[in-house]
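Q: Kindly generate the corresponding structure for this input.
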Amino acid sequence: MTTETLKIEISWPDTLKVPAGATVNAQLWVGTANADYCMISDGDASAPAVTSPATLEISYDTKDLLPGSAETTWDYFRTAPYLMHDGKRLNISRIAKITIEEARKSGWKIAIA
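A: Numbers count the residues shown, from 1 in each chain. This is a model prediction of the structure:
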């Protein structure tokens with residue numbers, strides 16, 4: 001199989017105080033519209049949270065998009081991005097999902113609070 005990179009543009013409101021040295025983080029999961037998710041990233045991806053928006057680039061092997069069962073089709077990416085500084089989360093993570101097809105076609109933009 002091949003490796004692909006998903007770019008996720010993550011923004012946050014100006015009212016959220018983000019100290020110097022903070023990072024934006026996320027894990028990439030794949031699954032169905034309702035459930036059956038499997039993590040396909042190697043842990044948390046992160047990027048400096050210098051300005052909003054920040055872009056995370058998460059690489060994955062396309063074989064990870066193939067489920068272990070013939071009865072299931074992975075057709076959604078899921079993540080819950082968060083800001084982190086000095087070992088503490090700066091926001092509550094909210095789950096976001098997008099179809100794999102849409103993410104590949106137009107990228108993924110997520111606004112966090």
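Q: in stretch 63-80, what's buried?
A: 64-65, 67, 74, 76-80 (16 or more other CB atoms under 10 Å). In this view, the C-beta of every residue, glycine as well, is placed from N, C-alpha and C.
Q: brain fart, stretch 7-25
A: Those would be 8, 10, 12, 18, 22-25, for stretch 7-25 by 16+ other CB under 10 Å.
Q: Now tabulate the buried residues of stretch 63-80 in CSV and tack on pLDDT, distance to Ile110 and secondary structure.
A: Output for the buried residues of stretch 63-80, formatted as CSV (pLDDT from 0 to 100; distance: CB to CB, whole Å; DSSP: H, G, I helix; E, B strand; the rest coil):
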residue, pLDDT, distance to Ile110, secondary structure
Asp64, 88, 20, helix
Leu65, 88, 20, helix
Pro67, 81, 24, coil
Trp74, 90, 19, coil
Tyr76, 95, 14, strand
Phe77, 96, 11, strand
Arg78, 95, 11, strand
Thr79, 94, 7, strand
Ala80, 94, 9, coil
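Q: now the strands for this protein?
A: Ranges of strands within the chain are 3-11, 23-26, 29-31, 38-39, 45-48, 54-61, 76-79, 82-85, 88-89, 96-99, 108-111, based on DSSP state E.
Q: The fifth one: how far from the chain's middle?
A: If you compare the mean C-alpha spot of strand 45-48 with that of the full chain, they lie 11 Å apart, counting by CA atoms, centre = their mean, to the nearest Å.
Q: hang on, the earlier thing: check the buried residues of stretch 7-25 against Ala103 and report the nearest one.
A: Ile8 (8.3 Å; CB to CB).
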